[in-house]
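Peer 1: sequence and predicted model, in that order:
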Amino acid sequence: MATALKIYFTDIYRALYTVAVGLKLTFLHLFTPSVTIQYPDVKLKLPERARNRLYVNIDDCIGCDQCSMACPVDCITIQTIKSTPDVDLGTTSGGNKKRLYVSQFDIDIAKCCYCGLCVYPCPTECIVMTDVYEFAEFDRQNLLYNFSSMTPAEITVAKEKAKKAEEEAAAKKAAAAAAPKPPAAPGTPPPAAPTTPGT
Amino acid sequence: MQELLKSFLGDNALVYIIMGVPPLIFILLYALVTLYMEMKVSAHIQDRVAYMRTGWHGVLQPFADILKLIQKEDIIPAQADKLLFTLAPYLVFTGTYAGFAAIPFSEGYIGSNINLGVFYIVAASSIVVAGLLMSGWASNNKWSLLGAMRSAAQIVSYEIPSALAILVAVMITGSLNLNDVSKFQEGGLFNWVVFGGPLPLLQKLAIIPFTATAFFILLTAGIAEANRTPFDLPEAESELVQGFNTEYSGMKFAIFYVAEYANMFLVSAVAVCLFLGGWQSPFGSALSGPIWGVFWIVIKGMAFVFFQIWLRWTLPRLRVDQLMYVSWKVMTPMLFVCVFAVGLILVL
């Protein structure tokens, strides 16, 4: 009987005591600074190597197509046009000579899985992942990014020129094949086949 | 105020209608404030910030919430009892609102100056049980019915400790009219009933432990009657979805909500009137008067509303058996002791 009473009163005491402890704790939390980051107003700094939106510095692109090959989801589409020896496309910032017009460099960022595999093979380091992550769109078409700086008119001109050059080369080849002496046509260099896979 | 109105308008029904309006306006404004306070307090207790984008620190959010609820579709389940389902929220609100009639908001304003004030409040707030049972039964939903049954059991159980605690205060003040009870506690902080009222010092010292216990129990029982955490079994989300208001949406749900908030203030106001001087200023005659009276009772009431919110975000929910244990085996016997002891001290 005595122990039962003792348990009864200790239970009441412990209930009140623990409630008081809890109330004190929550009251202190009322005045601790909150941990909320009010996102659009305040932004956390991203890690140094964060992978977000892709960016292509088209001036440095040599149209080698390696990024497109590396892409596991095929979101990069590249089309190139051969340049003729008489035009100078300039050099990349690394000093490589550019030999191809990049007529199309599209990235469908809606497909992109942000793996970063396209970044590593790039010989000129012109495709990079930036820290931009706010690029939601209402229209899915807007997520298809066109990086090529060529206008349609330029593309047509370049294409025609390339076609002409090719025809000339083919004609010369035919002429060379017809001629008995092979070293008769030393002027034309061989077409830059090794750097243009799948064009 | 009633006499003043009668002198202008004569003794007709209009006077009584006008007398009933202030509590209603108060409840609606208070519900907005409490809605905001609840969200802010809960957020800061959890180290969050709550609303920040609607106005300065989100002060316009309660209005936005109300606007949203007004626009919402009013759904009545196909299998529900339409009449009872529609009636229930209004009955719940009416029960709570009726309780406000006997609360003296100041020396000059009491909705109905009847000499059975507290008794009337206890009786009127029992209508809430009927409303909750109606809502649970009419919803034709297992969760609602279980919630309503729990709610009824809980409110009926906790009426007994709260009535006994009220009795302790009434024994000291000798009146059931809350305005008279408040007047009785004139003369500053130490004449409040929780400190023994205006009794001789020796009696006062002897009575304080019992009045303090009764006050504490009245407050706890009040939280249970208002269905607030840790006594929110009727709407235990993790077990019963939303309890008796599972099937309610739109304005009907809003009315349940307002009724719950109004009930929070009602139980606080009753406790304040009985034990903490009601509209009396804690500094004696300083800062007292009919206007300051409104200020003091609202401030005291809101302090306990804040306490209820604070408690809500501190304690987990009780089990049903624990709930009943607390009511019948702890509070009720203790209050019997209190009633007996207070009676003895007053006689001596």
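Peer 2: Okay, I see it.

Peer 1: residues contacting B:Asn119?
Peer 2: Let me fix one detail, which is that residue B:119 is Phe and not Asn. B:Leu176 (CB atoms under 8 Å, 6 or more residues apart in numbering or on different chains). Just so you know, the C-beta spots here come from the backbone N, C-alpha and C atoms, and that holds for glycine as well.

Peer 1: send me whatever helix or strand it lives in as CSV with only the CA atoms.
Peer 2: In this assignment (DSSP states H and E), B:Phe119 forms part of helix B:117-125. Taking only C-alpha atoms (Å, rounded to 0.1, in the frame of the first residue of the first chain), the coordinates of helix B:117-125 have been written out as CSV:
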residue,chain,number,x,y,z
GLY,B,117,-22.3,32.7,-15.0
VAL,B,118,-19.7,30.0,-14.6
PHE,B,119,-22.3,27.3,-14.3
TYR,B,120,-23.8,28.6,-17.5
ILE,B,121,-20.5,28.4,-19.3
VAL,B,122,-19.9,24.8,-18.2
ALA,B,123,-23.4,23.9,-19.4
ALA,B,124,-23.2,25.8,-22.7
SER,B,125,-19.8,24.4,-23.6
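
Peer 1: chain center to that helix: distance?
Peer 2: 12 Å (CA atoms, centre = their mean, to the nearest Å).

Peer 1: neighbouring contacts of the first helix or strand past that helix going along the chain?
Peer 2: Following the chain from helix B:117-125 toward its C-terminal end, the next helix or strand by DSSP H and E is helix B:127-138. With CB under 8 Å, 6+ apart as the contact definition, helix B:127-138 has outside contacts at B:80-85, B:87-96, B:98, B:144-149, B:151-152, B:155-156, B:234, B:243-245, B:248, B:256, B:259, B:263.

Peer 1: phi, psi of residue 155?
Peer 2: Just going to use chain A. In terms of degrees, to the nearest 10, the main-chain angles of A:Ile155 are phi -60, psi -40.

Peer 1: please go with chain B instead
Peer 2: Taking degrees, to the nearest 10 as the convention, B:Ile155 sits at phi -70, psi -40.

Peer 1: just checking, it touches B:Ile223?
Peer 2: No. Look at B:Ile155 against B:Ile223 with CB atoms under 8 Å: they stay out of range, at 11.7 Å.

Peer 1: in chain A, where is pLDDT below threshold?
Peer 2: A:1, A:180-199 (pLDDT under 70).

Peer 1: which one's the longest helix in it?
Peer 2: Ranked by residue count under DSSP state H, the longest helix found in chain A is helix A:2-30.

Peer 1: for that one, buried residues please.
Peer 2: Of the residues in helix A:2-30, A:22-23, A:26 count as buried by neighbour count, 16 or more other CB atoms under 10 Å in any protein chain shown.

Peer 1: how about the residue in the stretch 201-348 of chain B that chain A sits nearest to, what does it touch?
Peer 2: Nearest residue of the stretch 201-348 of chain B to chain A (CB to the nearest CB) works out as B:Thr314 at 4.4 Å. Taking CB under 8 Å, 6+ apart as the definition of contact, the neighbours of B:Thr314 are A:19, A:22-23, A:25-26, B:45.

Peer 1: hey, what's A:Ile76 bridged with?
Peer 2: With DSSP bridges applied, A:Ile76 shows beta-bridge pairing to A:Ile107.

Peer 1: who's in contact with it?
Peer 2: Going by CB under 8 Å, 6+ apart, A:Ile76 touches A:67-68, A:105-107, A:118.

Peer 1: quick one: which two of those are the most distant?
Peer 2: Every pair in the contacts of A:Ile76 was compared (CB to CB); the two farthest apart turn out to be A:Asp106 and A:Cys118, at 13.0 Å.

Peer 1: settle it for me: which of the two has more neighbours?
Peer 2: When neighbours are counted by other CB atoms under 10 Å in any protein chain shown, A:Asp106 and A:Cys118 differ, and A:Cys118 comes out ahead with 23 against 17.

Peer 1: list the contacts of the more buried one.
Peer 2: Under the criterion of CB under 8 Å, 6+ apart, the contact partners of A:Cys118 comprise A:54, A:67-68, A:70-71, A:76, A:127.

Peer 1: just the buried positions in the helix or strand encompassing B:Gly95, please.
Peer 2: B:Gly95 is part of helix B:82-99, with elements assigned from DSSP H and E. Taking 16+ other CB under 10 Å as the neighbour-count basis, helix B:82-99 is seen to contain the buried residues B:84-89, B:91-99.

Peer 1: B:Ser42: neighbouring residues, count only.
Peer 2: By the other CB under 10 Å criterion, the neighbourhood of B:Ser42 contains 16 residues.

Peer 1: which phi and psi values does the spatially most central residue of chain A adopt?
Peer 2: With distances taken as CA atoms, centre = their mean, chain A has A:Leu54 as the residue nearest its mean C-alpha position (2.8 Å). Its backbone dihedrals place A:Leu54 at phi -80, psi 150, with angles given as degrees, to the nearest 10.

Peer 1: ok, the nearest residue to it once chain neighbours are set aside to A:Asp65 distance?
Peer 2: Across the structure, with CB to CB, 6 or more residues apart in numbering or on different chains as the measure, the residue nearest A:Leu54 apart from its sequence neighbours is A:Ile107 (5.5 Å). The span separating A:Ile107 from A:Asp65 equals 13 Å under the rule CB to CB, to the nearest Å.

Peer 1: what's the answer for B:Pro77, then?
Peer 2: As defined by CB to CB, B:Pro77 lies at a distance of 62 Å from A:Asp65.

Peer 1: only alpha carbons, please: show the helix or strand encompassing B:Pro333 as CSV.
Peer 2: Element membership for B:Pro333 (DSSP H and E) is helix B:332-347. Extracted C-alpha coordinates of helix B:332-347, given in CSV (Å, rounded to 0.1, in the frame of the first residue of the first chain):
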residue,chain,number,x,y,z
THR,B,332,-10.3,14.4,-9.5
PRO,B,333,-8.9,13.1,-6.2
MET,B,334,-6.6,16.0,-5.9
LEU,B,335,-9.4,18.4,-6.4
PHE,B,336,-11.5,16.7,-3.8
VAL,B,337,-8.6,17.3,-1.4
CYS,B,338,-8.4,20.9,-2.6
VAL,B,339,-12.1,21.5,-2.2
PHE,B,340,-12.1,20.0,1.3
ALA,B,341,-9.0,21.9,2.4
VAL,B,342,-10.2,25.2,1.0
GLY,B,343,-13.6,24.7,2.7
LEU,B,344,-11.8,23.9,6.0
ILE,B,345,-9.6,26.9,5.8
LEU,B,346,-12.4,29.3,5.0
VAL,B,347,-14.5,27.9,7.9
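
Peer 1: now it against helix A:2-30, angle please.
Peer 2: Computed by axes from the mean of the first three to the mean of the last three CA atoms, to 10 degrees, the angle separating helix B:332-347 from helix A:2-30 equals 90 degrees.

Peer 1: and helix B:332-347, what's buried?
Peer 2: Along helix B:332-347, the positions that meet the burial threshold by neighbour count (16+ other CB under 10 Å) are B:332, B:334-335, B:338-339, B:341-342, B:345.

Peer 1: ok, so of these, who is nearest B:Leu164?
Peer 2: Relative to B:Leu164, the closest of the buried residues of helix B:332-347 is B:Leu335; by CB to CB it sits at 3.9 Å.

Peer 1: isn't that closest one right up against B:Ala165?
Peer 2: Yes. Using CB under 8 Å, B:Leu335 is in contact with B:Ala165, at 5.8 Å.

Peer 1: anything in contact with each of those two?
Peer 2: Taking CB under 8 Å, 6+ apart as the contact criterion, the residues that touch both B:Leu335 and B:Ala165 are B:214, B:217.
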